[in-house]
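1. from the sequence below, what's the structure:
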Amino acid sequence: MLDPDVLCGLDASARLKRGFDQMTEVLALTLGPTQGTILSKHETHPQPEVLTDAATIARRILALPDRVEDVGAMLARNLVWRIYLKVGDGCATAAVLAQAILAHAHRMKAAGANPMALRRGIDRAAAAAIDALREMSRPVKDQLDLAKVTQTILNDANLSRVMVDIFAHLGSDAYVSIEDYMAPYLERRFYEGGRWMGRLASPYLVTDPAKRRAALSDCLVVLYAGDVAELDDLRPALELAAAMESKCLALVANEIKDVALTALIMNHRQGRLKVIAAELREGESKRKTDYEDLAVLTGAQVLLPETGQRLRHLEPGDVGHSPRVEADSDELIVVGSGRQQVSGQIELLHARLDHLSPDDEEIDHLRLRVARLGGQVAKLMIGAYTEAERNTLKQKAEKALHALPIALREGWVPGGGVAYLNCIPAVLDVKAHNSEAMGVQALARALEEPFRRIATNAGAAAPGALMAQMQKRGMGYGYDAVKRKVVSMEKDGVLDATGVLIEALQTAVSGAVMALTTETIVLKSNPQTSIEP
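-> Predicted coordinates for the structure are as follows:
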């Protein structure tokens, strides 16, 4: 006799599908510009959390009461979170597509179709749809195109304006940190050069009292991955600066203190040598790469005390240069000196990024390194009176930070589900037979569902009639869910990032076919509930 915690056959697949549907049905309410709102109640918070982002909603749902249905729900939760980590947007779209693919394929399976042949047909149809998306994709050629894509992603005119300004200035490799404010505020700051988490060693080195900031131009740069405390440690750097007839020195170390710091302050205040003494604040592993990037950017050699390289043994060849260095109590900004090594380092970092999975913890730090080496760093400052409003703005901003670089690299297609509708003829051209042909049909029908759901969420009574109107007017026409009418999607500014739609389709297919072909479920006696999907 089988263990009661092992389920097989039709009962397992049917209950798994019910859980999958329960999760995706909630997420589907958020698809489109007239999205629904989900309230999430926390035991530790008196007020419910207002949610409109599918990925956040999925993350808040930790388990369903039925253990078997919960397996399906957690499968849907995982696929939504995977696409969020990779592209930021398209989470509700992926959920709707996955639910539709599974629904059509499940009916065909119940009618006798072979599950593995269905899967092959779905995979072949998805490949044809992706090829069609790439063929219809058009580049983001100017700031107007970028603004249309951004507004489609965010549905927030003010935040879209700021995000467009950031990416129009910095390009697809931009790295943007977000800073919260307790009152309504929306602004951005660009950094001329790379930004490091660091601090000025002493307020006595400040050159701009109003901003409490030190800024120097045409600096010699010395990098020491250790602590600087004694005058003997510092003397070679001061002598080299005097010999080179430089009036500015930027010393970056782990910690600068005691007699050494006093000597730097005295030189600075007496005007003999203008100084920025900055301490890096990251943890040991990240601090190592911080020094590495500073060295590439300035041409300085990093002196490592653990290998016997002491600051008191500084040589002229160890010293680098920067056109401008700034520091305050929170950050260090260094402008590169235009060395060719920078482009080589960026290529190496890009190569490492290309081989990482979307959920790898190293991705964010590598993107920061690429951006600061290329001078593509900004800070987005957003605020609101309430925590709920701040969280909503932050969720929107994070979505755009993921999706806009993809749009800049891979282009745009008509939004509102129209691009998927335009793929259907290419899917139906796929030659297949028997159960495999049924898989092709399942995907072709599922490609209608994002549009149908957007229209339904907007209150449209007959999505099928709208599709007929759009077909008569041409491929570029769709339903504007805000204006409640059929329009030219390009002229109306409803554009989706091609790469996001491709990733949503691929992720949806992966999740749906996994649910479709699962015949056995093993339930653990005491499963752990995970906050992370």
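2. burial check on residue 506, number of neighbours?
-> Burial of residue 506 is recorded as 18 neighbouring residues (other CB atoms under 10 Å). Using the backbone N, CA and C atoms, a C-beta is placed for each residue, glycine as well.
3. pull the CA atoms of the helix or strand harbouring it into CSV?
-> Per DSSP states H and E, residue 506 falls inside helix 498-516. What follows is helix 498-516, C-alpha atoms only, in CSV (Å, rounded to 0.1, in the frame of the first residue of the first chain):
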residue,chain,number,x,y,z
THR,A,498,10.1,42.8,-26.4
GLY,A,499,12.5,41.0,-24.0
VAL,A,500,10.0,41.1,-21.2
LEU,A,501,7.2,39.5,-23.3
ILE,A,502,9.7,36.8,-24.5
GLU,A,503,10.7,36.0,-20.9
ALA,A,504,7.1,36.0,-19.8
LEU,A,505,6.2,33.5,-22.5
GLN,A,506,9.2,31.2,-21.8
THR,A,507,8.6,31.2,-18.1
ALA,A,508,4.9,30.6,-18.5
VAL,A,509,5.5,27.6,-20.8
SER,A,510,8.1,26.2,-18.4
GLY,A,511,5.7,26.4,-15.4
ALA,A,512,2.6,25.1,-17.3
VAL,A,513,4.3,22.1,-18.8
MET,A,514,5.8,21.2,-15.4
ALA,A,515,2.3,21.2,-13.9
LEU,A,516,0.9,19.4,-16.9
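4. strands along the stretch 51-200 of the chain, start to end?
-> 175-181, 185-191, 194-200 (DSSP state E, counting those that start in this stretch).
5. the last one pairs with which strands?
-> Using DSSP bridges, the strands paired with strand 194-200 are strand 274-280 (antiparallel), strand 331-334 (antiparallel).
6. quick check: buried residues in whichever helix or strand comes after the first one?
-> Going back to what we said before, that points to strand 274-280. Scanning forward in sequence from strand 274-280 by DSSP H and E, the next helix or strand is helix 284-298. For helix 284-298, the neighbour count (16 or more other CB atoms under 10 Å) marks 287, 290-291, 293-298 as buried.
7. just want the angle from the longest helix along the chain to helix 498-516.
-> In the chain, assigned by DSSP state H, the helix with the most residues is helix 387-410. Relative orientation of helix 387-410 versus helix 498-516 (axes from the mean of the first three to the mean of the last three CA atoms, to 10 degrees): 110 degrees.
8. related to what we said a few turns ago, okay, the strands of the stretch 51-200 of the chain, which one's buried deepest?
-> strand 194-200 (a mean of 22; mean count of other CB atoms under 10 Å).
9. show me the contact partners of that strand.
-> Under the contact criterion CB atoms under 8 Å, 6 or more residues apart in numbering, strand 194-200 has outside partners 177, 206, 213-214, 252, 276-282, 290, 293-294, 297, 327-336, 371-373, 375, 377.
10. any chance you could map the strands in the stretch 351-500 of the chain?
-> Counting by DSSP E, counting those that start in this stretch, the strands of the stretch 351-500 of the chain are 377-383, 412-414, 477-480, 485-488, 495-497.
11. list the helices and strands the longest one packs on?
-> Looking back up the chat, that one is strand 377-383. Contact partners of strand 377-383 among helices and strands, from 3 or more CB pairs under 8 Å, 6 or more residues apart in numbering; DSSP states H and E: helix 157-170, strand 175-181, strand 185-191, helix 387-410.
12. worst mean pLDDT among those?
-> Sorting the helices and strands packed on strand 377-383 by mean pLDDT places strand 175-181 lowest, at a mean of 86.
13. hang on, the earlier thing: tell me what the longest helix of the chain is packed against?
-> strand 49-51, helix 67-87, helix 143-154, helix 157-170, strand 175-181, strand 377-383, strand 495-497, helix 498-516.
14. ok, which of the strands paired with strand 194-200 comes nearest residue 33?
-> strand 331-334 (36.7 Å; CB to CB).
15. how far away from the center of its chain is the closest one?
-> Its chain's C-alpha centre and that of strand 331-334 lie 23 Å apart, by CA atoms, centre = their mean, to the nearest Å.
16. what's the answer for stretch 247-262, then?
-> 36 Å.
17. what is the end-to-end distance of that stretch?
-> By CA to CA, to the nearest Å, the extent of stretch 247-262 from end to end equals 18 Å.
18. how about stretch 53-64?
-> Start-to-end, stretch 53-64 (CA to CA) is 20 Å.
19. who touches it?
-> Residues outside stretch 53-64 that contact it (CB under 8 Å, 6+ apart): 19, 22-23, 26-27, 30-31, 38, 40, 49, 51, 70, 73-74, 76-77, 80-81, 83-84, 91-92, 95, 392, 395-396, 399, 529-533.
20. among these, which ones are buried?
-> 19, 22-23, 26-27, 30-31, 38, 49, 51, 70, 73-74, 76-77, 80-81, 83-84, 91-92, 95, 392, 396, 399, 533.
21. got the CA positions of stretch 355-367 in CSV?
-> The C-alpha coordinates for stretch 355-367 follow below in CSV (Å, rounded to 0.1, in the frame of the first residue of the first chain):
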residue,chain,number,x,y,z
HIS,A,355,26.7,33.1,-17.2
LEU,A,356,24.8,33.8,-14.0
SER,A,357,21.2,32.6,-13.3
PRO,A,358,18.6,35.3,-12.6
ASP,A,359,18.5,34.6,-8.9
ASP,A,360,22.2,34.7,-8.3
GLU,A,361,23.1,37.0,-5.5
GLU,A,362,26.1,38.3,-7.4
ILE,A,363,24.1,39.9,-10.2
ASP,A,364,23.2,43.2,-8.5
HIS,A,365,26.8,43.8,-7.4
LEU,A,366,28.2,43.1,-10.9
ARG,A,367,25.7,45.5,-12.5
